[in-house]
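> Coordinates for the following, if possible.
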Amino acid sequence: MDIGRAFSFIFKDPSWFKKILILALLFLVPIIGWLMVGGYTLRLLKNVIDGVDQPLPEWDDWGGDLAGGFKAFLVGLIWGIPIWILTFVLNLGDSFILGAIAWLISVGWSAVTMSAMGDLARRGDIGDAFNARVIKRVTSNIPLWLVYILGAFVFSLFALIGLIGLIIGVIFTGAIAIAASTHLGGQAYRLSEGESAPVAPRF
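Residues are numbered from 1 along each chain as shown. Sure thing, here's the model as predicted:
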């Protein structure tokens, strides 16, 4: 796992600013924009899983990104149901300890969701995101996925730097954080499947 590469790969693309700016601006477009973001990051995830992480995907498949984003939304929604139920039950105890446990479980579950997204990205079929491999991939490679969780947390902290520039600033740094976290998730998925790190740039 290479947390540094998950961040630096973005800036090695000569068109990184334009691509990240489009990603950021789509956050301001309710529903349609959010689905487009989901579809684009799904393509980015597939690139990393396929072993070629540069350059960033082009914004040249708007219809495909919309469809991919809808699939990603459904996968995230369905995989989120068990953790939402468990969190709700634990929070009924009105206890700080139970609340902390619920939070830790939800953070850990993000690895399972990313594992499912990896199957969706690699195969393109929403049905492939619902199988026993999704959880087994995480439980059999816990150190890799712990690095993913830690890295994603660090990138989320980086996104807060954008608060200096108010709304536009935070959505821009947030877009960078999402791209970096997606790359790290792709690394975890790829290595969990016994494959090597991504290959050199393809400029």
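
> What is the three-state secondary structure of the residue sitting nearest the centre point of the chain?
Compute the mean C-alpha point of the chain, and by CA atoms, centre = their mean the closest residue is Thr182, 3.8 Å away. Classification of Thr182 using DSSP: H, G, I helix; E, B strand; the rest coil returns helix.

> Report the contact partners of it.
Under the criterion of CB atoms under 8 Å, 6 or more residues apart in numbering, the neighbours of Thr182 are 41, 44-45, 48. For glycine as for every other residue, the C-beta is placed from the backbone atoms N, C-alpha and C.

> show me the contacts for the nearest residue to Ile78 once chain neighbours are set aside.
Computed as CB to CB, 6 or more residues apart in numbering, the closest residue to Ile78 that is not its neighbour in sequence is Phe130, at 7.1 Å. By CB under 8 Å, 6+ apart, the contact set of Phe130 is 75, 78, 116.

> burial of the last one, as a residue count?
So that's Ala116. 26 (other CB atoms under 10 Å).

> Show me what whatever helix or strand it lives in is packed up against.
Ala116 is part of helix 96-123, with elements assigned from DSSP states H and E. Under the contact criterion of 3 or more CB pairs under 8 Å, 6 or more residues apart in numbering; DSSP states H and E, helix 96-123 touches helix 32-49, helix 62-91, helix 132-139, helix 142-159, helix 166-192.

> what's the shortest one in contact with?
Counting by CB under 8 Å, 6+ apart, helix 132-139 makes contact with 79, 111-112, 115-116, 118-119, 145, 189, 192-193, all of which sit outside it.

> got it, and stretch 120-129?
42-43, 45-46, 49-50, 71-72, 74-75, 79, 116-117, 119, 186, 189.

> do stretch 34-50 as well
Residues outside stretch 34-50 that contact it (CB under 8 Å, 6+ apart) are 23, 26-27, 29, 53, 56-57, 59, 61-62, 64-73, 117-118, 120-122, 178-179, 182-183, 185-187, 189-190, 198.

> Among the residues you listed, name the buried ones.
23, 26-27, 53, 56-57, 59, 65-66, 68-69, 71-72, 117-118, 120-122, 178-179, 182-183, 185-187, 189-190, 198 (16 or more other CB atoms under 10 Å).

> which among the contacts of Thr182 end up buried?
Buried by 16+ other CB under 10 Å: 41, 44-45, 48, out of the contacts of Thr182.

> so which of the residues you listed would you say is closest to Ile10?
Nearest to Ile10 among those, counting by CB to CB, is Leu44 at 9.9 Å.

> Where does pLDDT dip in the protein?
By pLDDT under 70, the weakly predicted segments of the chain are 162-169, 195-203.

> what about 50?
199-203 (pLDDT under 50).
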